[in-house]
Every structure is written in C-alpha cells, then in structure tokens.
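>>> Please work out how this folds:
(one chain, ligands or ions: 1)
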Amino acid sequence: MGFETTATIASFGGKLVKLKHRAESTSCDMSLNLYLPPQSNDQLVPVLFYLAGLTCTGDNGAEKGSFLRGASKLGIAIVFPDTSPRGLDIQGEEDSWDFGTGAGFYLNATKEPWTKGYNMYSYITDELPQTLFKEFSQLDGGRMSITGHSMGGHGALTIFLKNPSKYKSCSAFAPIANPINCPWGQKAFKGYLGDDQELWKEHDATELVKKFKGPMDILIDVGTGDNFYKQGQLLPENFDRAVKDHGDPSMQVTIRMQPDYDHSYFFISSFADDHLEHAAKYLHA
Ligand SMILES: N[C@@H](CCC(=O)N[C@@H](CSC=O)C(=O)NCC(=O)O)C(=O)O
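Below is the predicted model:
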C-alpha cells in the first residue's frame, strides 16, 4: 500500500521524509525515513539502503549516523527502514532485545509463529523498494546500493550476496559476519528458522561468500574497542578468511580495523562519509 507522510524535515538542502505504510510481507504498519537530497528536485537520484541493528528503528541511522550531509553532497537518497515488524501479538515477541521486536535479522522466518510477519528479507528486497519506486518517481530503481550496522551489516552482506545484480555495491559497519557461529545469530536462526543448521547457512554471509561468483568490492569497518567484537559476536575474520580461501582475485573485501572505536553511532558517524563515497563510486559509475 502507499505511504502516509507523517513529517517532512528540511536537512542539508534536501528533506528527510518520515513515512508509514501497511506492508503485506510483514502483516503490519511499517515506519521508515527517506532522505531526498536536493538533486532529487530536478533529476533521478540513486538510492542507498541503510539497515540498522538490534533494538533500532529507522530513526537511529537517520538521526545519529551522520549520513545526510554526505548524501546531499553526493546526490544519493537514503532509505532507513525499521528492523522488524511490530505489534504482531506473537507470544515472546517483546521478551528479549536480541530476538523478536527490533531484531528481525533481515530474513524470512520459516518457523511458526514467526512466519506470521517476520519476513524482513522480502520486505527489504521486494515490497519496500517497489512501493518507494512507485510513489517517488525521482528515485532511480536501477541504481540501488546497500549498507548496514551490526545485525543490519549482516542484512546488507547477505542481501547483497544473494542479489548481486540488484545492488551496485555493499558495505557494512561492524557486521555480524558469521551468525551461525555467534550467540546472537544462533539464537535468532534457531528461533526464526528452526534446528536445521544447513538451512541457517543460507542466511550466513561467511557461508554465502564461499559460493559467490563474480566480482565484488565490499568495504567493512570494525572498531577494535567494540565489546561485541571482543565477545565474538561479529567474527569479521571468518568472513575475510572465507574470501581469501575462495581465491578469486575479482572478489575484493577491505576490512578496516579502526583503533579504539566501539559499536556505537559515534563509530558509525565517524566513517559514514567513507561508506557513502564507496556507494557513490558505483551508483554514479
Ligand atoms: N541493549 C543492548 C545493546 C543494544 C545495541 O547496542 N544495539 C546496537 C546494535 S547491536 C547489533 O545489531 C545499536 O545500534 N543500538 C542503537 C543505538 O542507537 O546505539 C545491551 O544492553 O547490550
């Protein structure tokens, strides 16, 4: 269904539009933010999807990510979606911060009762872009890129690796890079997908990259002071090893270990411009 605009906020010469719509894939109303750069007043602009992490909504990246100034300069629209369906009245939905509400993991659940609406993969890859491109004619549906943070970094990597022709580029901030081998991922995959660990592999960036074919150029930043990295929740080294073992020189992954940075939006905002430049290189090629 079409969007209701709940607010329009002028920012860096463009506007941040707060939107709400009824989504079929998630069986509920979904809120999001869309940043339209000034260039969108008179030309088609490419689109970067920013997927946020656990406990977030579409507001965290828009308000604290420091993406808007760079997006205005580079002429890129940014979509900041929510991280899960909300209010589906599923038992246990609100019980933990790393599962259920705010923790949709950008996959389609196959286990009851989560199949009712935990279909964030379909929402992000199909329903949301289709609805946006229908309603905002200034957005160029042929030029999309994807990035994200933590759980959203897992979303960005897996969605790109499954759909390389759909997205011009991919990057990630502190992604959960090997969820089948970390506590966050194991809890989420068991809950949403069940006990079959072979099925889990279809949603794991490190497993997907082992089978990837063709060129890619992925930028990943991780802070050395990130406590979730230290606890083994992110495992970027496993993703790096899988790419190196693959041995395909056209598959390029740049993992930058940023000294002292933590997992917060202070870290994201410090490197937001680099990720925008990375996307711009491909969106404006
Ligand atoms: N409540 C948790 C911490 C939750 C947290 O740090 N969430 C991160 C994403 S973690 C991976 O997906 C986040 O982005 N939080 C929002 C923010 O604005 O910082 C705890 O108690 O540890």
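>>> Report the closest residue of the stretch 151-285 of the chain relative to the ligand.
residue 151 (3.5 Å; C-beta to the nearest ligand atom). Just so you know, the C-beta spots here come from the backbone N, C-alpha and C atoms, and that holds for glycine as well.
>>> give the contact list for residue 248.
Residues in contact with residue 248 (C-beta atoms under 8 Å, 6 or more residues apart in numbering) are residue 213.
>>> And it, what's its pLDDT?
For residue 248, the pLDDT comes out at 95.
>>> Let's see the pLDDT reported for the residue of the stretch 151-285 of the chain closest to the ligand.
pLDDT at residue 151 comes out at 99.
>>> Quick check: it touching residue 107?
No: in terms of C-beta atoms under 8 Å, residue 151 does not count as a neighbour of residue 107; the distance is 10.5 Å.
>>> Low-confidence ranges, the stretch 151-285 of the chain, go.
Along the stretch 151-285 of the chain, no part satisfies pLDDT under 70.
>>> in it, which spans are helices?
For the stretch 151-285 of the chain, the helices defined by DSSP state H, counting those that start in this stretch occupy 151-162, 183-193, 197-200, 205-210, 227-230, 236-246, 265-283.
>>> Pick the most buried one from those.
helix 151-162 (a mean of 27; mean count of other C-beta atoms under 10 Å).
>>> Mind giving me the packing neighbours of that one?
strand 45-51, strand 139-148, strand 170-173, helix 205-210, strand 216-223 (3 or more C-beta pairs under 8 Å, 6 or more residues apart in numbering; DSSP states H and E).
>>> Pick the most buried one from those.
strand 170-173 (a mean of 30).
>>> do you know how far residue 132 is from residue 172?
22 Å (C-beta to C-beta, to the nearest Å).
>>> now swap in residue 53 and tell me
11 Å.
>>> Please report how far the residue nearest the centre of the chain lies from the ligand.
Central residue of the chain (C-alpha atoms, centre = their mean): residue 51, 2.6 Å from the mean position. According to C-beta to the nearest ligand atom, to the nearest Å, residue 51 stands 10 Å off from the ligand.
>>> ok, now which ones touch that residue?
81, 83, 106, 124, 146-149, 151-153, 155-156, 159.
>>> before we move on, what about residue 268?
Counting by C-beta under 8 Å, 6+ apart, residue 268 has contacts 61, 64-66, 149, 173.
>>> Considering only these, which also neighbour the ligand?
64, 149 (C-beta under 6 Å from any ligand atom).
>>> Quick check: residues of this protein near the ligand?
Close to the ligand, as judged by C-beta under 6 Å from any ligand atom, the chain has residues 53-56, 60, 64, 97, 149-151, 263-265.
>>> Out of those, give me the two with the largest separation.
64 and 97 (17.8 Å; C-beta to C-beta).
>>> Among those two, which residue is more densely surrounded?
residue 64 (16 against 11; other C-beta atoms under 10 Å).
>>> how close does that one sit to residue 149?
10 Å.
>>> these two touch, right, residue 5 and residue 15?
No: using C-beta under 8 Å as the test, residue 5 is too far from residue 15 to be in contact (10.3 Å).
>>> Neighbour count for these two, which is higher?
residue 15 (18 against 11).
>>> show me the contacts for that one.
Per C-beta under 8 Å, 6+ apart, neighbours of residue 15: 8-9, 35-36.
>>> Not counting residues beside it along the chain, what's closest to residue 280?
residue 74 (4.5 Å; C-beta to C-beta, 6 or more residues apart in numbering).
>>> OK, contacts around the residue of the stretch 101-250 of the chain found nearest the ligand?
Here the residue of the stretch 101-250 of the chain nearest the ligand is residue 150; by C-beta to the nearest ligand atom that distance is 2.8 Å. Under the criterion of C-beta under 8 Å, 6+ apart, the contact list for residue 150 reads 53-54, 173-176, 228, 234, 263.
>>> With distance to residue 284 added, can I get the residues you listed in a markdown table?
Output for those, formatted as a markdown table (distance: C-beta to C-beta, whole Å):
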| residue | distance to residue 284 |
| --- | --- |
| 53 | 27 |
| 54 | 32 |
| 173 | 22 |
| 174 | 26 |
| 175 | 24 |
| 176 | 29 |
| 228 | 33 |
| 234 | 30 |
| 263 | 30 |
